[in-house]
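Asker: Let's see this in three dimensions:
(chains A and B)
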Amino acid sequence: MSARTRRRAETQAETHSGAGRIAHFGWLGPLALAFYAFLYSPIVVLIAYSFNDSRFAMIWQGFSLKWYATVLENGDIQTAALNSLVVATAATAISVSIATVAALALARGGAFRGKTLSMGLIALPIVVPEIVTAVATLMFFSAIGLSLGLGNLIIAHTVFCIPFAFMPIRARLQGMDETLEQAAADLYASRWEAFRLVTLPLLAPGIFAGAVLAFVISLDDFIISLMISDAGTTTLPVYIFSMIRRGVTPEVNAVSTILFSVSLVLVSIYWLASRPKKDEA
Amino acid sequence: MSEVAVIDARRRWLALAPAYLVIGVFMVIPLMIMVAISFMEQNVYGGVFRVFSTDAYTQFLFQRDFDGNLVFNPAYLVILGRSVALAAAATAICVAVGFSVAWFIVRQPPRRRNLLVFLITIPFWTNLLVRAYAWVIILGRGGVIDSPFRALGLLGPDGTLGLLYTNTAILIGLTYTYLPLMVLPIYASLEKLDFRLVEAASDLYADKWWTMRQVVLPLAAPGVIAGAILVFVPALGDFISPNLLGGAKRLTLGSLVQFQFATARNWPFGAAVAVILLVFVMASLALYVRLTRKAGKAGQP
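Answerer: Numbering: from 1, shown residues only, chains lettered A, B, ... in the order given. Got it, this is the predicted structure:
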């Protein structure tokens, strides 16, 4: 952030707080507090009850780590977690590659016929309700008789990961200075050299942010995995759902807390990677 | 313009080909197959007969009585109505709360603003299923909400407020799930707002409610509309909240589709319901495009 933009931000802040004095509503503070309490209370409850000694999830009996021990001993959970990791890793790698070249074509390809259509097509997996995508994919796999085990899940996950990987990569490309690439070309760099030595290093944070986002989305996906997976290809959220179905126990809370922690770490990494650096902006 | 900046047409299409191929083959074609299957006949042993039939859509409105006559059956229309009503109610609550919270955040100093926005995004990235499940513990029989009432003797030792497995529970779940999607776009549009306009209104002795309605709200309209679509569309097809919090009797479009594929094994009917859901979503999006065009025109001086 340059000195000037910072100063502008500060003046804007002053006008904002000035406006705060003008259009001030006394109940806004308590409402905002209630909003954040509403947002976090389920997570707090979930984590707290994972340490509950009772067999019944809803009745507090005392502190215990036994449910975490149960989770660690449960082979099915480990298999499901491994499936989730395999699917998320493969879907992330494929979708990020596809999204990167597509973002380059759309951000550096100038204006062309079909650009809006291309953007729409890439956004399609976000627009269509998940349950619709889930059953459509299920019928498609059944119609063509495709049963590759985890492969089916990887294909389905790749499709809906593409737009999530695409967004940060394109945002990064739009914020990038094209003159650097032009300078490389002027200095007789080949197209490939300019890409590898100039564009790619500058684009790396965007690609990384897109990869983390795709990974989290894939890891958290439930509905599509529920419809596509079978007994041998259960992912972690699908397994958690079957646990909930069998009854609400603190074991579910313990797995959920672990999953929550993993997501939290990944989101923090994403946030740090996608945050504009001080010297840029 | 040098060569590198603008990719030529052949390379451009080559670079777009993988995305087209994957989304085209594994998303567009499946959707077409889904529409086709919705017009086929059910095979009660699973799968479909490849015969043209509008049975699935007829089943949505009518059922056959003992004599084989078609009789109007409102059961599925009730499910459709419930889905639309719950999604609309969730959207309305989200607009009211989301706007207030966004207005609160935008009036804070910049550093605190960033923190408050970040705090909204954290729960959003954690597993949806897990968050909905947390509400089962909170609302359930003898859960977090019941406990203080029991302790105070307002409920018997086995008493419950009976919040779980109601429409209210689904509404809480939907609101909880999609509220961040409302706050963020409204905040984004309020952040760009020229606050001198608010001051001007105040200098001209405008009442603060009048200022909000006549000055702030019209300028924040794009954010509100974007937030409304981001909440309404996924809420309409939501499966997790109705399934976990609504219980078996309160189906919505999302859980009805899942039920047809997972339990009833009536593919044409499940596909037809999915098509109906998709049509409602596309209609909402078309409305959104029209509204934003209007809001964009209105926003111009």
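Asker: low pLDDT regions in the chain?
Answerer: No chain in the question, so chain A it is. Chain A contains residues with pLDDT under 70 at A:1-23, A:56-59, A:248, A:274-281.
Asker: Sorry, I should have been clearer: chain B.
Answerer: B:1-7, B:46, B:156-159, B:295-301.
Asker: what ranges do the strands span in it?
Answerer: All strands of chain B, identified by DSSP state E, fall at B:41-42, B:48-49, B:62-64, B:70-72.
Asker: how many neighbours does residue 179 have?
Answerer: Since no chain was named, I'll use chain A. 11 (other Cβ atoms under 10 Å in any protein chain shown). Bear in mind the C-beta positions are built from the backbone N, C-alpha and C, glycine included.
Asker: The intended chain is chain B.
Answerer: Neighbourhood size, B:Leu179 [other Cβ under 10 Å]: 24.
Asker: distance of it from B:Ala96?
Answerer: Distance from B:Leu179 to B:Ala96, counting by Cβ to Cβ, to the nearest Å: 11 Å.
Asker: Next up, the contacts around residue 130.
Answerer: I'll assume chain A. Contact analysis of A:Glu130 by Cβ atoms under 8 Å, 6 or more residues apart in numbering or on different chains lists A:160, A:223-224, B:234, B:237, B:239.
Asker: my bad, the chain I had in mind was chain B
Answerer: Contacts for B:Val130 (Cβ under 8 Å, 6+ apart) come out as A:46, A:237, A:240, A:256, A:259-260.
Asker: Among those residues, which pair sits farthest apart?
Answerer: A:Leu46 and A:Pro237 (14.5 Å; Cβ to Cβ).
Asker: hang on, the earlier thing: and the buried ones among the contacts of A:Glu130, selectable in ChimeraX?
Answerer: To isolate the buried subset of the contacts of A:Glu130 in ChimeraX, counting by 16 or more other Cβ atoms under 10 Å in any protein chain shown, use the following:
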select /A:160,223,224 /B:234,237,239
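Asker: How about the stretch 101-250 of chain A: which residue is closest to chain B?
Answerer: In the stretch 101-250 of chain A, the residue that lies nearest chain B is A:Pro129 (3.1 Å; Cβ to the nearest Cβ).
Asker: so who does that residue touch?
Answerer: B:233-234, B:236-237, B:254, B:277-278, B:281.
Asker: mind redoing it with 10 Å?
Answerer: By Cβ atoms under 10 Å, 6 or more residues apart in numbering or on different chains, the contact set of A:Pro129 is A:223, B:233-239, B:253-254, B:257, B:274, B:277-278, B:280-281.
Asker: Any of the residues you listed buried? List them.
Answerer: Buried by 16+ other Cβ under 10 Å: A:223, B:233-239, B:253-254, B:257, B:274, B:277-278, B:280-281, out of those.
Asker: Name the secondary structure element that contains the closest residue to B:Ile29 other than its chain neighbours.
Answerer: In this structure, B:Ile29 finds its nearest non-sequential neighbour in A:Phe140, 6.5 Å apart by Cβ to Cβ, 6 or more residues apart in numbering or on different chains. Using DSSP states H and E, A:Phe140 maps to helix A:130-144.
Asker: quick one: buried residues of the helix or strand that comes right after that helix?
Answerer: Where DSSP H and E defines the elements, the next helix or strand beyond helix A:130-144 is helix A:150-175. Residues A:150, A:152-173 are the ones in helix A:150-175 that count as buried (16+ other Cβ under 10 Å).
Asker: Run the angle between helix A:150-175 and helix A:130-144 for me.
Answerer: With axes from the mean of the first three to the mean of the last three Cα atoms, to 10 degrees applied, the angle from helix A:150-175 to helix A:130-144 works out at 130 degrees.
Asker: what packs against helix A:150-175?
Answerer: Counting contacts by 3 or more Cβ pairs under 10 Å, 6 or more residues apart in numbering or on different chains; DSSP states H and E, helix A:150-175 is packed against helix A:75-108, helix A:115-127, helix A:130-144, helix A:200-220, helix A:223-228, helix A:250-274, helix B:9-23.
Asker: how about CSV for those helices, with distance to B:Arg150 added?
Answerer: Formatted as CSV, the helices and strands packed on helix A:150-175 follow (distance: least, Cβ to Cβ, whole Å):
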stretch, distance to B:Arg150
helix A:75-108, 33
helix A:115-127, 44
helix A:130-144, 37
helix A:200-220, 35
helix A:223-228, 35
helix A:250-274, 20
helix B:9-23, 53
